[in-house]
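A predicted structure for the sequence below; I have some questions about it.
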Amino acid sequence: MTKHKPVILIGMMGVGKTSVGKLLASALACDFVDVDKKIVAAEGKTIPSIFENHGESYFREIEANTIEKLVACDQRVVIATGGGAVMTPRTADLIWYKGVSVWLQSDVTVLLKRIGTDPNRPLLQEKDAADVLKKLEKARSPVYKRADIHVISGVEPLEITLKKVLEKLDAFTK
């Protein structure tokens with residue numbers, strides 16, 4: 001991997017971008033940034049509150065600005081994006097052209113077990129979570145497929161998923 005090129009994790013909510021990202025950053029001896037957490041800290045509001053008070057387009061603009069700053073830094077970093085980040089063209093371009101993109105993919109049933117009815121998931125509120133996840137997956141998968149690397153993240157321990165990511169990163173950079 002290019003020394004200063006960020007590794008950017010993409011995929012559906014609940015797929016493990018944050019959990020795997022932390023382990024990956026540790027393995028690569030670099031910083032880890034969860035974009036959603038960075039936005040919450042900067043805005044002083046939860047993501048559901050941002051969606052409710054300002055709308056999804058406002059959130060997506062902040063998300064794009066945050067990712068743009070992260071990929072402009074001259075250091076290696078692992079970045080976990082929000083599940084819908086790739087659906088904003090500006091953000092997608094940053095991911096595809098400024099970093100090594102890693103699509104973590106899980107079955108909808110696995111995602112449901114991981115996130116259930118998490119109140120911090122605004123797109124799932126007051127809806128059938130399984131139906132929403134299936135629709136989001138159908139809409140997003142064609143975009144996620146553009147990722148440089150694709151890793152299935154199932155019910156196995158995080159260390160197994162991490163190993164898969166590291167192996168594919170190594171092969172990608174040769």
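Cool, the structure landed.

Going by C-alpha atoms from here, please, whenever you check contacts or count neighbours.
Fine.

where do the helices sit along the protein?
Taking DSSP state H as the test, the helices found in the chain are 17-28, 35-43, 47-54, 56-72, 89-98, 108-115, 129-144, 158-172.

Would you mind putting those helices into JSON lines with mean neighbour count alongside?
Converted to JSON lines, those look like this (neighbours: other Cα atoms under 10 Å):
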{"stretch": "helix 17-28", "mean neighbour count": "20"}
{"stretch": "helix 35-43", "mean neighbour count": "15"}
{"stretch": "helix 47-54", "mean neighbour count": "15"}
{"stretch": "helix 56-72", "mean neighbour count": "17"}
{"stretch": "helix 89-98", "mean neighbour count": "17"}
{"stretch": "helix 108-115", "mean neighbour count": "16"}
{"stretch": "helix 129-144", "mean neighbour count": "16"}
{"stretch": "helix 158-172", "mean neighbour count": "15"}
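
which one of those has the lowest average pLDDT?
Comparing mean pLDDT across the helices of the chain, the weakest is helix 108-115, with a mean of 82.

circling back to that earlier point, between the helices of the chain, which gets nearest to residue 151?
Among the helices of the chain, the nearest to residue 151 by Cα to Cα is helix 158-172 (6.5 Å).

helices or strands up against that closest one?
With contacts defined as 3 or more Cα pairs under 8 Å, 6 or more residues apart in numbering; DSSP states H and E, helix 158-172 has these neighbours: helix 17-28, strand 149-152.

and that helix, how far out from the chain's middle?
Between the centre of helix 158-172 and the centre of its host chain there is 16 Å, according to Cα atoms, centre = their mean, to the nearest Å.

ok and it relative to helix 17-28, angle-wise?
Angle of helix 158-172 versus helix 17-28, following axes from the mean of the first three to the mean of the last three Cα atoms, to 10 degrees, is 60 degrees.

circling back to that earlier point, need the helices and strands packed on helix 158-172 in a markdown table (columns: distance to residue 59).
As requested, those are arranged in a markdown table below (distance: least, Cα to Cα, whole Å):
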| stretch | distance to residue 59 |
| --- | --- |
| helix 17-28 | 19 |
| strand 149-152 | 26 |
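
hmm, back to that, just put the helices of the chain in TSV and tack on distance to residue 152.
As requested, these are exported to TSV (distance: least, Cα to Cα, whole Å):
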stretch	distance to residue 152
helix 17-28	12
helix 35-43	22
helix 47-54	27
helix 56-72	24
helix 89-98	19
helix 108-115	11
helix 129-144	12
helix 158-172	8
